[in-house]
Structure formats: C-alpha cells, structure tokens
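Participant: any chance you could fold what I've pasted below:
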Amino acid sequence: MFPIGDDNSDITITPFVNYIFLGLNILVFVLLQQMGTGDGFTYAYSLVPKEITTGVDLAGAQIVRDSFGNTAQIQHYSTPLPVYFNFLSSMFMHGSIAHIAGNMLFLWIFGDNLENLLGHVRFALFYVACGFLAAVAQIATDPTSVIPMLGASGAISGVLGGYVLLFPQRKVRAIIFNFLTTVPAIVAVGIWIAYQLILGIMTPAGTGGVAYAAHIGGFFAGLALIKVFAWGREV
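Facilitator: Numbering: from 1, shown residues only. Next up, the predicted model:
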C-alpha cells in the first residue's frame, strides 16, 4: 500500500508541528547523518536495546549473529549524552534516502489531519509518546540486541493508528497492488498493518532490517492513546 494523498478539506489550522517534524527529520539526515554516510553520529545516537536494558553505552566493534548462525560486525560509537536520550534522537534519524522518503510521505499525508484535530501541543506529545512506546515494543522482542534502531516509523505508525480510529471512512488515494485507487482509510491502513503483522511474525528477532515490532507497537499505541489525547475535542 503506497499512499499519495487524502482528504484535507476540513483542515482549519496550519500544521506547524507536522512541518517541524518533517523538517527536523530531513535536516538531521542531510546535515548530521550526511545523507546516511555519517556513521559516527548515526551509531552514537541510534537506539540500541542492550544499552537501554543495561544502561551501558557500548563502544567499539560488536559481533552479531543471526538465526542462521551467520555473524557480522557492527562498530558502535559512544555518545556524550545518557543512552536514554536516544529514545528521542533515534526518532529523527534514518538509514537511507528510501527510508526517510517513505516515512516523510506517510507523515506528510496523515499527520496534518491529526494535528488539526488535536492541536499543536497535543499532537507533538502524541507523536513522541507513540515513538517511545514503539521503541519499547521493539526492545522487548530482543532486549540484548546490539543492532541499532533508528527511524520515525514507530511514531508515524502511531499517527496511522490514531488516524484510522478517528477517520476510518476518510478517503485515501493510494497505489494498491499496482492500481491507483481511492479507498477508505480503514482499508488503506488495514492493508498496511496486516502486512506489518505478517512480516513481523515471519521475521526472527535479532536479525536486523526492518523493525516490524516497532511498527506494530507504535500502531497499537496510537490506537490506545488517541482518544486520551483527543479528550474534549470534537471528533
């Protein structure tokens, strides 16, 4: 499922926070991560499950082993800040141009609708809370992993969860199975989360790659939290 737009006819405010989040992600990737080539910054400020569960900042070469017995080496860099700060910093970092492009497209399409309903401050807090819970979900699948986690996917998954609960029938323009069509949000987002669940079940923990547990955790965090953050708002 590849979304390209939705119905924004009811938006009455300028979604400044969504724009700020988009800008921060892009600036961090371009200036600090140097378009994905700045390993020192990326590995220092990404989120590492073992660092969180032990409170120890890892540095130097770390050996990882996948479920097939293959090994690889990851070079870790120390951070001048507490390792728990990386819950926040990792939300604004990405591994590649394709990674950030996909995430920013989803945030651009779905974030403004939530900010319009929640307001600027509530939307910002909702986004960060979903990102935090998404990271916790991923850490829980492999607390001793030394594979770095990074990306806005968990927080944006929370946005999708909140969006589909509040606007299940809102029309979303999307490419689905190579066809350009318009479907209700519950269909578009439903296909997306079903895909995450299937791949999450099929992907062994500790193998790196896409953090499906973070996507799933963020989505269900969004479902659980959106009514709390929308309290008193007209839905």
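
Participant: okay, CA-based contacts and neighbour counts for the rest of this
Facilitator: OK.

Participant: and the strands in this structure?
Facilitator: Per DSSP state E, the chain carries strands over the ranges 2-6, 60-65, 71-76, 171-176, 179-184.

Participant: need those in TSV (columns: distance to V17 and mean neighbour count).
Facilitator: Putting the strands of the chain into TSV (distance: least, CA to CA, whole Å; neighbours: other CA atoms under 10 Å) gives the following:
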stretch	distance to V17	mean neighbour count
strand 2-6	19	18
strand 60-65	37	13
strand 71-76	32	14
strand 171-176	22	18
strand 179-184	25	15
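
Participant: looking at those, which is nearest to C130?
Facilitator: Closest approach to C130 among the strands of the chain (CA to CA): strand 2-6, 20.9 Å.

Participant: now for that closest one, which elements pack on it?
Facilitator: helix 97-118, strand 171-176 (3 or more CA pairs under 8 Å, 6 or more residues apart in numbering; DSSP states H and E).

Participant: which residues touch it?
Facilitator: Strand 2-6 is contacted from outside by 105-106, 109-110, 170-176, 188, using CA atoms under 8 Å, 6 or more residues apart in numbering.

Participant: repeat for stretch 96-103
Facilitator: 25-26, 35-36, 94, 151-153, 156.

Participant: repeat that for 7 Å
Facilitator: 36, 94, 152-153 (CA atoms under 7 Å, 6 or more residues apart in numbering).

Participant: residues in contact with the residue lying closest to Q62 once chain neighbours are set aside?
Facilitator: In this structure, Q62 finds its nearest non-sequential neighbour in I74, 5.1 Å apart by CA to CA, 6 or more residues apart in numbering. Residues in contact with I74 (CA under 7 Å, 6+ apart) are 61-63.
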